[in-house]
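1. What shape does this take:
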Amino acid sequence: MIRTVLGEIQPAELGITLMHEHIIWDWNGAEKNGRVPYSKKEIVDTMVPYLIELKRLGCQTLVEATTYGAGRDVDVLKACAMRTGLHIITNCGAWDGGKYRGKFIPDEIKNMDANKIAEAWVQEFQAGIDGTGIRQVSSSLH
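-> Numbers count the residues shown, from 1 in each chain. Coordinates of the predicted model:
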């Protein structure tokens with residue numbers, strides 16, 4: 001099974017898949033994560049026409065690569081999936097920002113040891129992200 005923001009699908013349902021996309025990205029970085037000057041509604045309303053066109057062109061699945069600390073918002077992803085019919089897959093983890101030197105790593109995890117970080121991400125995988133029940137892609141295909 002494959003986990004999408006709307007639930008599990010069979011691998012055969014993936015169809016044409018874009019593997020690394022960003023519906024939302026917060027260039028402010030982790031310190032300002034969640035304080036972008038746009039509402040969730042504005043983001044969804046802006047992105048949905050593009051996603052509908054993507055689906056019209058034959059894409060069935062989009063893997064959303066925005067990480068924790070860079071603006072990942074599973075509520076936005078779920079709303080986009082519901083309004084477009086696209087399968088949207090989210091992720092686990094954080095991105096160190098490459099040349100940005102940790103700008104996208106939230107302070108709360110900067111000083112955690114690897115085991116604590118792993119526990120948090122396993123919890124997201126098992127129970128869901130931020131209490132939503134939305135979980136990342138499955139670790140195995142059948």
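2. contacts and neighbour counts: CA atoms only from here.
-> Fine.
3. neighbours of residue 22, just the number please.
-> Neighbours of residue 22 under the rule other C-alpha atoms under 10 Å: 13.
4. Nearest residue to it in space, please, no chain neighbours.
-> Sequence neighbours aside, residue 64 is the residue nearest to residue 22 in space, at 5.4 Å (criterion: C-alpha to C-alpha, 6 or more residues apart in numbering).
5. Give me the phi and psi for the one you found.
-> The phi and psi values for residue 64, taken as degrees, to the nearest 10, are phi -90, psi 120.
6. where along this protein do the helices fall?
-> Using DSSP state H, the helices of the chain run over residues 40-56, 74-84, 107-110, 114-127.
7. re the thing from before, kindly state the beta-bridge partners for the residue nearest to residue 22.
-> Residue 64 has these beta-bridge partners by DSSP bridges: residue 21.
8. List phi and psi for the residue positioned nearest the centre of the chain.
-> Central residue of the chain (C-alpha atoms, centre = their mean): residue 90, 3.4 Å from the mean position. Residue 90 has phi and psi values of phi -100, psi -170 when expressed as degrees, to the nearest 10.
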